[in-house]
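S.K.: Sequence and computational prediction follow.
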Amino acid sequence: MSEVLVTLPDGSQKPFPTGTRPLDIALSISKRLADEAIVAKVNGNLWDLTRPLEANATVSIMTTRDEAALEVYRHSTAHLLAVAVLELYPGTKLGIGPPIENGFYYDFDRKEPFTPEDLEKIEKKMAEIRDRDLTFERRLIGKPEGIAKYEAMNEPMKVELITERADDIFSEYTLGPDFIDFCRGPHVASTKRLKAFKLLSVAGAYWKGDEKRQQLQRIYGTAWYSQKDLDEYLKQLEEAKKRDHRKLGRELDLISIQELAGPGLIFFHPKGALVRKIMEDWMRDAYLSRGYDLVVTPHVARRQLWEVSGHANFYGENMFVPMELDDATYQLKPMNCPCHILIYDNKQYSYRDLPVRLGELGTVYRYERSGTLHGLLRVRGFCQDDAHIFCTPEQVEDEVVGCLEFAFDTLKTFGFEKYEAELSTWDGGLSDKYVGTHDEWILAENALKNAVTRLGLNVKVMPDEAAFYGPKIDVKLVDAIGRKWQLSTVQFDFNLPRRFNLNYIGEDGNKHTPVMVHRALFRSVERFFGILVEHYAGAFPVWLAPVQVSLLPVTDRANVYAGELAAKLKAQGYRVDIDKRNEKVNFKIREAQLMKIPYMLVIGDREVDAQTVSVRNRRNGDLGAKTLDEFMAILHEVNSNKTPIE
């Protein structure tokens, strides 16, 4: 019998009969490993546990401790969902069912809408099918035969996918005797592995995200390795609902989206605009203190600019339609970088002048389809804290270090102590999808890696995930309830300096192309604002709160004294309001608590006579009677230190 030589993760090698499955290899190591196995990795590729090995290979067994295995687990749960739907509602047509962050979905074409009661029935059916312990079986089929097969099954969306995406020989997966699906896989060995899942919601979704195609019903679900993990996630979802920035934005009178104006366009109300001003002022001051020059660029430019930059071609579908004016065709800007390039190119720089750091809080406009819009997090018009650095190759590592230090300082200032970083690299030149020379990529990736080492950061390397124009580092913050948010980014760009023929005069007297670094820290002001609202559940830290102190006169007789106190507080730069309504003081306190105001000063006859205030804090309750100076000392400390929670 022929053999294959298997190299294990520890470097050891062991022969196995040809056709041995990764599951057999796991069993040869230990029954426990086989019981915990979810999927295998063979020669760096995910591989079904039951798929035979036909050649020598490097094999590792992935268990519940591996992040990539969870994606496979969720993908398999999506197939389980599809089986349940077809058993309950025959004739339903299948779209796609991929894993997503924290879960999965499947798109279905069905005339009758799925109801909440239907989701309960489907979930119950999924558990029933799971308990049958059905196996996921991988099969191979030729493309012409496959197309004919799925046409006979009356699955038009699958036929379309096979026609567009399938190789000449492609894989499909069965699950039980009656279900088969065009799928690249891999999957878990059988349904008994799928321990804990929950269907969450149903929403409309256009086929392939194209609003000109039919609208499908998308069922979302989540899946975890254990019921405990599932329960913890569902608890997090409930907390997230309470913190939803759209809900709190309305309740706290921060923002709105006006139907008459259109979706994806944010209106900042006075309180929200004040918080935004504080954010933007901090960022602009930080720009200046860190050696950036502030610039302001137009919201619209001739289409020719976007043609030179390449955005008109590779980003055109995300741009608003061109506007024909009397002198030329114009288009709203989707990015600030070409505008900053024009400013750099407006004069001749020497190597002695570099680095040039241009920063802007600039509004950009991107055509996001209506179904993808989400409050402040995905909009059509937004303000980016955008900066572009033009420097020499020798300067680039220090500039990256400076960008990352700036990013982490931003997160810490706004109250985020936990974050993760990812370093996205190219494929080493194996494909033609990346621009730039091999030496440029090596320079850029080494600069990023050295910067990370100098800062002592642990980063996750993401091979072949770089932007086509250069490698990048992305920072994900972790909020108060453990959610991760994509935020700050530092990116190299080999493309734009060449397209615009940028240069500087080097020490040798010749012209050289500068290295260009994109850098965004808030990512967008709107998005960061929404994250802040949810992180703090609307209770902004004192330094960010739109109203820091609310004075609550108990009677009309206390109004004059309250006005005097308010004037003194405002003179020191604090944001104050007075609740003069003819209501009971407990009502006023409750209202101030609901508006998340950090401090309340209750003022009655006793306080007027003693020239004191009765201080209440939104979290700690009654802090007792204090003089105004004593209270202002407390306020000054938490405000000036930017204390996240007072």
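M.R.: That came through, no problem. Note that the structure is predicted; figures quoted are calculated from it, not measured. Numbering: from 1, shown residues only.
S.K.: same for the lowest-mean-pLDDT helix or strand in the chain, what does it pack against?
M.R.: Least confident helix or strand, the chain: helix 311-314 with a mean of 87, by mean pLDDT, DSSP states H and E. For helix 311-314, the packing partners by 3 or more C-beta pairs under 8 Å, 6 or more residues apart in numbering; DSSP states H and E come out as helix 303-309. All C-beta atoms are positioned from the backbone trio N, CA, C, and that covers glycine.
S.K.: For the helix it packs on, which outside residues touch it?
M.R.: 312-313, 319, 322, 328-331, 333-334, 337-339, 341-342, 496, 499-500 (C-beta atoms under 8 Å, 6 or more residues apart in numbering).
S.K.: on that earlier part again, the next helix or strand after the least confident helix or strand of the chain pairs with which strands, parallel or anti?
M.R.: The C-terminal neighbour of helix 311-314 among helices and strands, as given by DSSP states H and E, is strand 323-324. Strand 323-324 has its sheet partners listed here by DSSP bridges as strand 329-332 (antiparallel).
S.K.: how about the strand it pairs with: buried residues?
M.R.: Using 16 or more other C-beta atoms under 10 Å as the test for burial, strand 329-332 gives 330-332.
S.K.: Redo those residues as TSV? Include distance to Thr50.
M.R.: Listed next are the buried residues of strand 329-332 as TSV, based on distance: C-beta to C-beta, whole Å:
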residue	distance to Thr50
Tyr330	58
Gln331	53
Leu332	53
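S.K.: wait, which of these is closest to Arg246?
M.R.: Leu332 (25.0 Å; C-beta to C-beta).
S.K.: Could you list which residues are in contact with that closest one?
M.R.: If you count contacts by C-beta under 8 Å, 6+ apart, then Leu332 has 299-300, 319-320, 364-365 around it.
S.K.: how about the nearest residue to it, chain neighbours excluded?
M.R.: Among residues not flanking Leu332 along the chain, Tyr365 sits closest, at 4.0 Å (C-beta to C-beta, 6 or more residues apart in numbering).
S.K.: Any idea what the one you found is bridged to?
M.R.: As assigned using DSSP bridges, the partners bridged with Tyr365 are Gly381.
S.K.: Show me the domain layout of the protein.
M.R.: 3-63, 68-238, 274-294+353-360+386-535, 549-640 (automatic domain parsing).
S.K.: and of those, who's closest to Ile266?
M.R.: So among the domains of the chain, domain 274-294+353-360+386-535 is nearest, using C-beta to C-beta, at 5.6 Å.
S.K.: Strands along the stretch 251-400 of the chain, start to end?
M.R.: 255-256, 267-268, 293-294, 300-302, 323-324, 329-332, 356-365, 381-391 (DSSP state E, counting those that start in this stretch).
S.K.: can you tell which of these is closest to Gln611?
M.R.: Here strand 267-268 is closest among the strands of the stretch 251-400 of the chain (C-beta to C-beta), at 38.3 Å.
S.K.: Show me what the closest one packs onto, helices and strands only.
M.R.: Counting contacts by 3+ C-beta pairs under 8 Å, 6+ apart, strand 267-268 packs against strand 255-256.
S.K.: what about the closest residue to Ile255 other than its chain neighbours, which SS state?
M.R.: Sequence neighbours aside, Gly249 is the residue nearest to Ile255 in space, at 4.2 Å (criterion: C-beta to C-beta, 6+ apart). Classification of Gly249 by DSSP: H, G, I helix; E, B strand; the rest coil places it in helix.
S.K.: Now for Gly249: which residues touch it?
M.R.: 255-256, 272, 375-376, 530, 533.
S.K.: same thing with Ala166?
M.R.: Ala166 sits next to 143, 146, 182 when contact means C-beta under 8 Å, 6+ apart.
S.K.: For the stretch 51-200 of the chain, just list every one of the strands.
M.R.: Counting by DSSP E, counting those that start in this stretch, the strands of the stretch 51-200 of the chain are 57-62, 93-94, 99-100, 103-109, 136-142, 169-175, 180-182, 196-206.
S.K.: give me the beta-bridge partners of the residue nearest the centre of the chain?
M.R.: Geometric centre of the chain, nearest residue: Gln486, 3.7 Å, by C-alpha atoms, centre = their mean. Note on Gln486: beta-bridge partners Lys476, judged by DSSP bridges.
S.K.: just checking, it touches Ile473?
M.R.: No. The pair Gln486 / Ile473 is not scored as a contact, 12.0 Å apart, by C-beta atoms under 8 Å.
S.K.: just the strands in the stretch 451-600 of the chain please.
M.R.: Going by DSSP E, counting those that start in this stretch, the stretch 451-600 of the chain shows strands at 459-462, 472-478, 484-493, 504-505, 511-512, 515-520, 549-553, 576-578, 599-603.
S.K.: Let me have those in CSV, extended by mean pLDDT and distance to Glu112.
M.R.: Converted to CSV, the strands of the stretch 451-600 of the chain look like this (pLDDT from 0 to 100; distance: least, C-beta to C-beta, whole Å):
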stretch, mean pLDDT, distance to Glu112
strand 459-462, 91, 42
strand 472-478, 93, 40
strand 484-493, 91, 37
strand 504-505, 97, 65
strand 511-512, 96, 66
strand 515-520, 94, 45
strand 549-553, 97, 52
strand 576-578, 97, 52
strand 599-603, 97, 53
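S.K.: Turn the ones you listed into TSV, including distance to Leu358.
M.R.: TSV is the format used below for the strands of the stretch 451-600 of the chain (distance: least, C-beta to C-beta, whole Å):
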stretch	distance to Leu358
strand 459-462	27
strand 472-478	19
strand 484-493	14
strand 504-505	14
strand 511-512	19
strand 515-520	10
strand 549-553	39
strand 576-578	38
strand 599-603	40
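S.K.: Which one, of the ones you listed, ends up nearest to Ile634?
M.R.: strand 599-603 (8.2 Å).
S.K.: Run me through the strand neighbours of the closest one, direction for each.
M.R.: strand 549-553 (parallel), strand 613-617 (antiparallel).
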